[in-house]
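> no sequence on this one, just coordinates:
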């Protein structure tokens, strides 16, 4: 879903997806292939909420006001567009307040007319996406990944994530797994399934269960698997049972995270979100979800992305990780995983990834078999990101007043070099060190002896 500039009338420029332009033949004359009769598109409006205006320090008040403002902006600005789309035969409309957008199916010949409507910022295809593959690893020493980031040291101080809510955007979560069932927050505001509209979490693929196990899993198997075993979890199933989704579904999931029960006055948003997936090609900059991420960060919701598995070549950063907070992968010898994507960021030109965390041969939960919990070993940055998300959960538990910005800064500043001294575009600022980050936010001299 890359975008280019296209002048649709003097003095006005709108970003249009390459795929959409190619379909319509907008730049190179008539396309020899007839365009499809209908297209599923996302229309984004220019009018948006000024997220920098929310300076309230209380986290819940800030989240409440942002969620309410986004909904009010959409309700105030979208009705004329909705009416026009209905008049023109648009169908299956889905409203996306978090980006002030509308997903709709329309006749392809209607697109040029819609581009001329004042107030339209962009039109893009509601692009299909697929779930990341599950990549098996080989057994390694039990608990090595938790020891590598010094999680047990925080546990000894009494910080295991209690009072913190984490979420993932993934294939679902196996609720009956012994390491996950008691940690689900429970209720209608703790599970989002836009496909089956199920009332309880499930996971037919396993990827989401595996990532959640690394964040909050306990020791039901005899050894710990999760970084923050006392945190509660909620989840959004962004892929159907075959691993397929669209951009509009992911937008809906981000909207849900901001206000899970639809009532901005109730404190039900997560503190940390794990997103072990990517879109587009290596070294591409796809800002499809930039508005969503800006809204969540403004609401003090931290989002962690997997850096991607397009290494070892340089310039292999993946989106949205390359415009967000990201984790690359190391193995038990502190070596960077060969496949771990590396920078610089194609979006910012800056350092990429932000940090690295264990992501090679990591043992975690897997889908239960006939009610019996399963455990397996996996590799990829998909499994590095939840170590970073779990680290954030532990730090929030230890210092609840942290902002997203101060937490990210502490994690970067306290990371351990695993390559040449100093930050680089292979390991970022270095390996996550939760204990050193705790010492940093508490103003202590170091981690030893804590």
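Yep, it's here. The model shown is predicted, which means the values in this text are computed figures rather than measured ones.

> Just the strands from the stretch 351-450 of the chain, written as ranges.
For the stretch 351-450 of the chain, applying DSSP state E, counting those that start in this stretch gives strands covering 355-358, 362-369, 372-378.

> Of those strands, which is nearest residue 217?
Minimum separation from residue 217 across those (C-beta to C-beta) falls at strand 362-369, 5.3 Å. No exception for glycine: its C-beta is placed from N, CA and C like everyone else's.

> Need the pLDDT of residue 370.
Per-residue pLDDT puts residue 370 at 87.

> what about it, how many neighbours?
By other C-beta atoms under 10 Å, 4 other residues sit near residue 370.

> and what of residue 403?
14.

> can you map out the strands along the stretch 201-350 of the chain?
Under DSSP E, counting those that start in this stretch, the stretch 201-350 of the chain gives strands at 232-237, 244-246, 272-275, 302-306, 325-330.

> residues in contact with the shortest one?
When contacts are taken as C-beta atoms under 8 Å, 6 or more residues apart in numbering, the neighbours of strand 244-246 outside the stretch itself are 40, 126-131, 238-239.

> How much space separates residue 384 from residue 305?
Using C-beta to C-beta, to the nearest Å, residue 384 is found at 10 Å from residue 305.

> quick one: common contacting residues for those two?
Counting by C-beta under 8 Å, 6+ apart, the residues touching both residue 384 and residue 305 are residue 327.

> how many neighbours does residue 374 have?
Residues near residue 374, counting by other C-beta under 10 Å: 15.

> Can I get the strands of the stretch 351-450 of the chain in a markdown table including distance to residue 394?
Output for the strands of the stretch 351-450 of the chain, formatted as a markdown table (distance: least, C-beta to C-beta, whole Å):
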| stretch | distance to residue 394 |
| --- | --- |
| strand 355-358 | 13 |
| strand 362-369 | 17 |
| strand 372-378 | 22 |
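
> Any idea which of those strands gets closest to residue 195?
That would be strand 362-369 among the strands of the stretch 351-450 of the chain, by C-beta to C-beta, at 17.6 Å.

> partners of the closest one, with directions?
Taking DSSP bridges as the criterion, strand 362-369 forms sheet pairs with strand 372-378 (antiparallel).

> Buried ones in the strand it pairs with, by neighbour count?
373, 375-378 (16 or more other C-beta atoms under 10 Å).

> Among these, which one lies nearest to residue 97?
Nearest member of those to residue 97, counting by C-beta to C-beta, is residue 378, at 35.5 Å.

> Can you give me the pLDDT of the nearest residue in space to residue 140 that is not next to it in sequence?
Distances taken as C-beta to C-beta, 6 or more residues apart in numbering put residue 361 closest to residue 140, at 4.1 Å, once the chain neighbours are dropped. With respect to pLDDT, residue 361 scores 98.

> Show the contacting residues for residue 361.
Contacts of residue 361 (C-beta under 8 Å, 6+ apart): 137-140, 331-332, 377-379.

> domain parsing for the chain?
3-126, 144-442 (automatic domain parsing).

> how far out from the middle of the chain is the last one?
For domain 144-442, the distance between its averaged C-alpha position and the chain's averaged C-alpha position is 8 Å (C-alpha atoms, centre = their mean, to the nearest Å).

> Quick one: end-to-end distance for that domain.
Start and end residues of domain 144-442 are separated by 26 Å (C-alpha to C-alpha, to the nearest Å).

> Surely residue 73 and residue 50 touch.
No: at 9.8 Å, residue 73 does not count as touching residue 50 under the criterion of C-beta atoms under 8 Å.

> now residue 102, which residues is it bridged with?
residue 43, residue 95.

> tally of neighbours for it?
22.

> Give me the distance between it and residue 194.
On the measure of C-beta to C-beta, residue 102 and residue 194 end up 16 Å apart.

> Any regions of the chain where pLDDT drops low?
1-36, 446-450 (pLDDT under 70).

> What's the local residue count around residue 442?
11.

> who are the neighbours in contact with it?
398-399.

> Residue 231 touches residue 393, doesn't it?
Yes: the criterion here is C-beta under 8 Å, and residue 231 meets it with residue 393 at 4.7 Å.

> Would you mind telling me which of these two has the busier surroundings?
residue 393 (35 against 28).

> The more buried one and residue 270 touch, don't they?
No: under the criterion of C-beta under 8 Å, residue 393 is not in contact with residue 270, lying 9.6 Å apart.
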